[in-house]
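In: Prediction below, plus the sequence it came from.
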Amino acid sequence: MSLFLYNTLTRRKEVFTPADPARVTMYVCGPTVYSYAHIGNARPAVVFDVLYRLLRRRYPQVVYARNVTDIDDKINAAATAQKVAINDITTKFTGIYRADMAALGVLPPTIEPFATDHVPQIIAMIQALLAKNHAYVAEGHVLFHVPSYAAYGRLSGRDRDDMIAGARVEVAPYKKDPADFVLWKPSTPDLPGWDSPWGRGRPGWHIECSSMIETHLGNTIDIHGGGHDLIFPHHENEIAQGTCAHDGAAYCRVWMHNGFLTMDREKMSKSLGNIALVHDILQSAPGEAIRWALLTAHYRQPLDWSDDLVTQSKRTLDGLYRTLEAADPTADRSASPPEAVIAALDDDLNTPIAMAELAGLAKAINQSSDAAERKRLAADLKAGGEMLGVLQQSPAVWFTTVSAGKTIDAATVESLIAARAAARKARDFAEADRLRQQLAELGVTIEDRAGGTTWRVAG
Ligand code: AMP
Ligand code: ZN
């Protein structure tokens, strides 16, 4: 079956056909590392991680680049406010971002380029745009001249007035056209800067991405992703730069944008202040439950975040792990994931349907009394889970995980259970009750079965 993806550029679902099936290229705009990532920032990382997993099954080589924006005015402002070096801010928050994404089961991309490592390439691309008369120099700035690219506005479908209003661009006197945007700007001595043919300065945000794409992936890429807010002006500008620098070669074949994560139906954003940080949520919930929560809505739909959503997600995973534990606690994934799970994801990453398929598999396992069949289905469940980046731990590990990085000490639990069994045998029921209470305080629920007492993390 074919993989269908919704293309923002053509506004329809299309069969995905890479330019070169031997080397599929994908780029996703990564974090600006000036602060902690909020859970809305994690949505594109998780969504495109699912796509990366799906593409890797289909194609022998997938080159996935997710950049780190480490040149940005917000970073400069944070460094000034905290009285530390810019590098301290970017190094700290790059590390935190990587750790947070790893906790959400996001695979490292093939390449993680940093803007600061690409300044010579950025300068070269700006020079190419100048040479082709798509850009001009004015008062130490280099600007892209929007009227020089007739197809400008096609991705966002905006008309000219909308674009000027939407970009909130400064109407600087040195601009030939109000829609023109910055490729290079001068830096004062207190700001980071690089020598260039136009004096000491720093690149604009849009050219950073275009240049990293050109450097690592080529002139035309297969897939470009990011959040919906990046369509305009960021991606519109990327297209203009890339296409004009490469004499009209298509910049990207398929554009994909995730919908917003909201809180009380309002877009989560640092500027509105209605944010929940990944780092904080991980203190009280396993990364896998947070990941599941992020995938419960189709990626193009809005997703309203709440504590309840995470609690529900954890409960659902508890049920799936319980099924695995009962059917085959050491199950390894089967050679290929269930067709129905792949079919759901092939339909423009329909994760809610894929999740329903996993639930269906769990139900079939629970209803079957044939041990061999239960084991086979458990292996299928694990393989299906892997496509979504879940269910890859052993049930024993899952049930001892109360939150990321924090586990209940199994040896302590086992010794309390043994002490309780001894107390019951000696008919000291008060002591047995006290031990049960102690286990409950640790966050453990016990169950007395014919073969002995089992336990799990209460949830
Ligand atoms: P930033 O670090 O602000 O450049 O954003 C990193 C990524 O997160 C971009 O792809 C944004 O489009 C995306 N993003 C930011 N806020 C949200 C949100 N509330 N919901 C979904 N995606 C978002
Ligand atoms: Zn970008």
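Out: The structure has been received and is ready for your questions. Residues are numbered from 1 along each chain as shown. Ligands and ions are numbered 1, 2, ... in the order given.
In: So which residues on this protein come close to ligand 1?
Out: By C-beta under 6 Å from any ligand atom, the residues of the chain that approach ligand 1 are 29, 31-32, 40-41, 43-44, 226-227, 229-230, 258, 260-261, 267-269. Heads up, the C-betas are built off the backbone N, CA and C, glycines and all.
In: what about the closest residue to residue 176 other than its chain neighbours, neighbour count?
Out: Take residue 176 and drop its neighbours on the chain: the residue closest to it by C-beta to C-beta, 6 or more residues apart in numbering is residue 145, 6.0 Å away. By other C-beta atoms under 10 Å, 19 other residues sit near residue 145.
In: and what of residue 195?
Out: Neighbours of residue 195 (other C-beta under 10 Å): 10.
In: and the residue nearest to residue 176, what does it touch?
Out: Contact analysis of residue 145 by C-beta atoms under 8 Å, 6 or more residues apart in numbering lists 133-136, 176-177, 180.
In: Can I get the buried part of these as one PyMOL selection?
Out: Of these, the buried ones go into a single PyMOL selection, burial set by 16 or more other C-beta atoms under 10 Å:
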select buried, resi 134+135+136+180
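In: mind checking the SS state of whatever residue of the stretch 1-150 of the chain ends up closest to ligand 1?
Out: When scored by C-beta to the nearest ligand atom, the stretch 1-150 of the chain has residue 40 as its residue closest to ligand 1, at 2.7 Å. Secondary structure, DSSP: H, G, I helix; E, B strand; the rest coil: residue 40 is helix.
In: that older thread, PyMOL command to pick out the buried ones of the residues of the chain next to ligand 1?
Out: To isolate the buried ones among these in PyMOL, judged by 16+ other C-beta under 10 Å, type:
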select buried, resi 29+31+32+40+41+43+44+226+227+230+258+260+261+267+268+269
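In: still on that earlier bit, among the contacts of residue 145, which ones are in strands?
Out: Among those, the members falling in strands (DSSP state E) are 135-136.
In: Show residues contacting stretch 420-427.
Out: By C-beta under 8 Å, 6+ apart, stretch 420-427 touches 429, 431-432, 435-436, 439, 446, 452-453.
In: name the element residue 126 belongs to?
Out: In this structure, residue 126 is located in helix 119-131 according to DSSP states H and E.
In: anything in that helix near ligand 2?
Out: No - counting by C-beta under 5 Å from the ion, ligand 2 is not contacted by helix 119-131; separation bottoms out at 12.9 Å.
In: Out of the residues of the chain next to ligand 1, which are close to ligand 2?
Out: Checking the residues of the chain next to ligand 1 against ligand 2 by C-beta under 5 Å from the ion, the ones in range are residue 29.
In: what stretches of the stretch 301-450 of the chain score poorly on pLDDT?
Out: The model of the stretch 301-450 of the chain has pLDDT under 70 over residues 402-407.
In: Now the helix holding residue 126: buried residues?
Out: Going by neighbour count (16+ other C-beta under 10 Å), the buried part of helix 119-131 is 119, 121-123, 125-130.
In: any chance of these in JSON lines, plus pLDDT?
Out: Formatted as JSON lines, those follow (pLDDT from 0 to 100):
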{"residue": "119", "pLDDT": "98"}
{"residue": "121", "pLDDT": "98"}
{"residue": "122", "pLDDT": "98"}
{"residue": "123", "pLDDT": "98"}
{"residue": "125", "pLDDT": "98"}
{"residue": "126", "pLDDT": "98"}
{"residue": "127", "pLDDT": "98"}
{"residue": "128", "pLDDT": "98"}
{"residue": "129", "pLDDT": "98"}
{"residue": "130", "pLDDT": "98"}
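In: residues in contact with residue 310?
Out: Neighbours of residue 310 in contact, by C-beta under 8 Å, 6+ apart: 281, 285, 289-290, 293.
In: oh sorry, the question was meant for residue 455
Out: Going by C-beta under 8 Å, 6+ apart, residue 455 touches 413, 417, 439, 444-447.
In: residues near residue 336, how many?
Out: 11.
In: Contacts only, for the residue in the stretch 251-400 of the chain that ligand 2 sits nearest to.
Out: Residue nearest to ligand 2 within the stretch 251-400 of the chain: residue 252 (11.2 Å; C-beta to the ion). By C-beta under 8 Å, 6+ apart, the contact list for residue 252 reads 9, 27, 220-224, 239, 242.
In: and the residue of the stretch 201-350 of the chain found nearest ligand 1, what are its phi and psi?
Out: Of all residues in the stretch 201-350 of the chain, residue 227 sits closest to ligand 1, at 1.9 Å by C-beta to the nearest ligand atom. Dihedral angles phi and psi of residue 227 (degrees, to the nearest 10) take the values phi -70, psi 160.
In: State the distance from it to residue 41.
Out: Distance, residue 227 to residue 41, by C-beta to C-beta, to the nearest Å: 8 Å.
In: again, but for residue 376
Out: For residue 376, the distance to residue 41 equals 39 Å [C-beta to C-beta].
In: what's the answer for residue 420, then?
Out: 46 Å.
In: Highest neighbour count among the contacts of residue 455?
Out: Highest count within the contacts of residue 455 by other C-beta under 10 Å belongs to residue 444, 22 neighbours.
In: mind listing what that one touches?
Out: Shown in contact with residue 444 (C-beta under 8 Å, 6+ apart): 408, 413, 455-458.
In: mind giving me CSV with the residues you listed and columns for distance to residue 16?
Out: Below are the contacts of residue 444 laid out as CSV (distance: C-beta to C-beta, whole Å):
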residue, distance to residue 16
408, 44
413, 48
455, 46
456, 42
457, 41
458, 44
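In: what's the farthest-apart pair in those residues?
Out: Maximum pairwise distance in the contacts of residue 444, criterion C-beta to C-beta, is 11.8 Å, between 413 and 458.
In: Which parts of the stretch 151-300 of the chain are helices?
Out: Assigned by DSSP state H, counting those that start in this stretch, the stretch 151-300 of the chain shows helices spanning 160-167, 205-216, 236-245, 278-281, 287-295.
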